[in-house]
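Peer 1: Fold the following for me, if possible:
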Amino acid sequence: EGMLVSSSNDAPAEPDLLATIAAAAPHQRVRGRAGAGLVVRRDDLRRAEREGREGNLVLFAVDASGSMAARQRMSAVSGAVLSLLRDAYQRRDKVGLVTFRAGGAELVLPPTSSVPTAQVRLAAMRTGGRTPLADGLLRARAVLRVERLRDPRRRALVVLLTDGRATVAARPGGDPVSDACRAAALLAADGAATVVVDCESGPVRLGLAARIAAAADGPVLGLSELSADQVAGVVRAARAA
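Peer 2: Below is the predicted model of the structure:
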């Protein structure tokens, strides 16, 4: 969903979602992408078995501000993290989690392939407060930079869950949404692949998540329900093709 893929008879039969998005994401502006889709060309397509020894890094960045909606997001992401980690060993994958709430961002789960570590860390998550979206994206960027130094061959995907309604600026006097877009653009400049899951609900829709996705040169997806299976499906979609 949300991906525009050029057809070809000799394209790889079992594309790896993370590797494919990572290859396509830096070229979206040049390719004239408009709207929510990701323009993927034949040369972007990757197969897990061809480059799978390097493994993937899935870094979730999740809006933990607010109350009931935040708890639903955290429940869905926690389930998705554990689900992805259970099959991480065979794929040599790592999963991490950054949350942003109140006054800043927190690396709740440093990238790991350990289910027990994730269970302990995820149980300690907190929610509530305002929405420092820019800080969350900047923290995600810092985590990716450290991981890139540790293992430059590991492919990274940022999965951002937010409604885009930033309320805390990254700098004094700054505009929260504009600062978030700038932070998203820095991720794109680093070559990071980003997918935005739009969590906006209610009768009034501002479409701010799409602005963040555009700045990050990545697709924005709307899920039919915010559940662990749906969130994990964002990462697994191409593996089942």
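Peer 1: hey, what's the residue positioned nearest the centre of the chain bridged with?
Peer 2: When Cα atoms, centre = their mean is applied to the chain, the residue found nearest the centroid is residue 159 (1.1 Å). When bridges are called by DSSP bridges, residue 159 pairs up with residue 60, residue 195.
Peer 1: From residue 27, how far out is it?
Peer 2: Distance, residue 159 to residue 27, by Cβ to Cβ, to the nearest Å: 20 Å. C-beta: built from backbone N, CA, C; applies to glycine.
Peer 1: that older thread, show me what contacts the residue nearest to the centre of the chain?
Peer 2: Contacts were defined as Cβ atoms under 8 Å, 6 or more residues apart in numbering; by that measure residue 159 touches 58, 59, 60, 61, 194, 195, 197, 231, 234, 235.
Peer 1: And for residue 156?
Peer 2: 18, 22, 56, 57, 58, 59, 144, 147, 148, 192, 193.
Peer 1: Closest one of those residues to residue 86?
Peer 2: Nearest to residue 86 out of those is residue 58 (Cβ to Cβ; 13.1 Å).
Peer 1: ok but the closest one is inside a strand, no?
Peer 2: Yes - the assignment for residue 58 (DSSP: H, G, I helix; E, B strand; the rest coil) places it in a strand.
Peer 1: Now it: closest residue in space that isn't a chain neighbour?
Peer 2: residue 95 (4.9 Å; Cβ to Cβ, 6 or more residues apart in numbering).
Peer 1: now do residue 223
Peer 2: residue 230 (4.5 Å).
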